[in-house]
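J.: need a 3D model of the following:
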Amino acid sequence: MFLSVLCGVLCGVFLALLIFIVRLFLVLRGGTDCKPGKNGSVCVLVVAGSGGHTTEIIRLMESLSQAYRPRHYVIADTDKMSEDKIRTFEASKVDGNSPAQYTIHRVPRSREVLQSWSSSMLSTLHALLYSIPLVFKLRPDVVLCNGPGTCIPLCAAALLLGILGAKRVLLVYVESICRVESLSLSGKILYHFADYFFVQWQPLQTKYPKSIYIGRIV
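T.: Sure thing, here's the model as predicted:
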């Protein structure tokens, strides 16, 4: 009796895992067919990290048109500077009496500087618990990120949205200009999942052929 129940549970788990993998494959394979903004504006979720990551992502946002709205910025709960930079940038985009087209949200930081790998896994799972309901609520068309660890649980939540068939979210990753010969840890992970993966140095494109190199972006 016990063996029969155990066998049934294992078969159920295996079947669920198989369905999950197949759905993930279909979501990733269909990325090129996803064309957000065909009928109007593009809702974008922007992941901002502390320091240089936020500076680079804001420079990137400066090159985007007003069609990218609303803009939902997500920062780590321990990030004290990014919110001011974002508000200053958005204030410069205000046109007359038009209402603000952005929001700022906070999630737990996935990994602190010099944090051990074992504890990083736990903190990332903790961040994922906050990221899933946030992404499911915002339902962005695009997730735009450039390397902070916070982007991993947010991108995972966006993929889950597609796996469950709720909405296909386009993942766009732009590797930091500081990365010349090797990818960041976030880049090494998202290289396999991003729909568009941009690098800013030719040696990286040679090393990672799936990436896109069009010169310096930020």
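
J.: now the helix or strand hosting Arg59, how far from the centre of its chain.
T.: For Arg59, the enclosing helix or strand under DSSP states H and E is helix 52-62. Remark: helix 52-62 is offset 15 Å from the chain centroid, using C-alpha atoms, centre = their mean, to the nearest Å.

J.: do stretch 122-129 as well
T.: The mean C-alpha position of stretch 122-129 is separated from the chain mean by 15 Å, C-alpha atoms, centre = their mean.

J.: what does stretch 176-193 give?
T.: 13 Å.

J.: returning to what we had before: if you average pLDDT over the helix or strand that the helix holding Arg59 is followed by, what comes out?
T.: Sequence order places strand 71-76 as the next helix or strand after helix 52-62, per DSSP H and E. Strand 71-76 shows a mean pLDDT of 95.

J.: got it, and stretch 150-160?
T.: Rounded mean pLDDT across stretch 150-160 is 94.

J.: related to what we said a few turns ago, could you pull out the buried residues of the helix holding Arg59?
T.: 53-58, 60-61 (16 or more other C-beta atoms under 10 Å). Every C-beta, even on glycine, is put in place using the N, C-alpha and C of the backbone.

J.: please enumerate the strands of the chain.
T.: 44-47, 71-76, 102-107, 142-145, 170-174, 196-199, 212-213 (DSSP state E).

J.: ok, residues contacting stretch 180-194?
T.: 28, 145, 147-149, 151-152, 155, 159, 171-173, 175-176, 179, 197, 199, 201, 203-204, 207-208, 210-211 (C-beta atoms under 8 Å, 6 or more residues apart in numbering).
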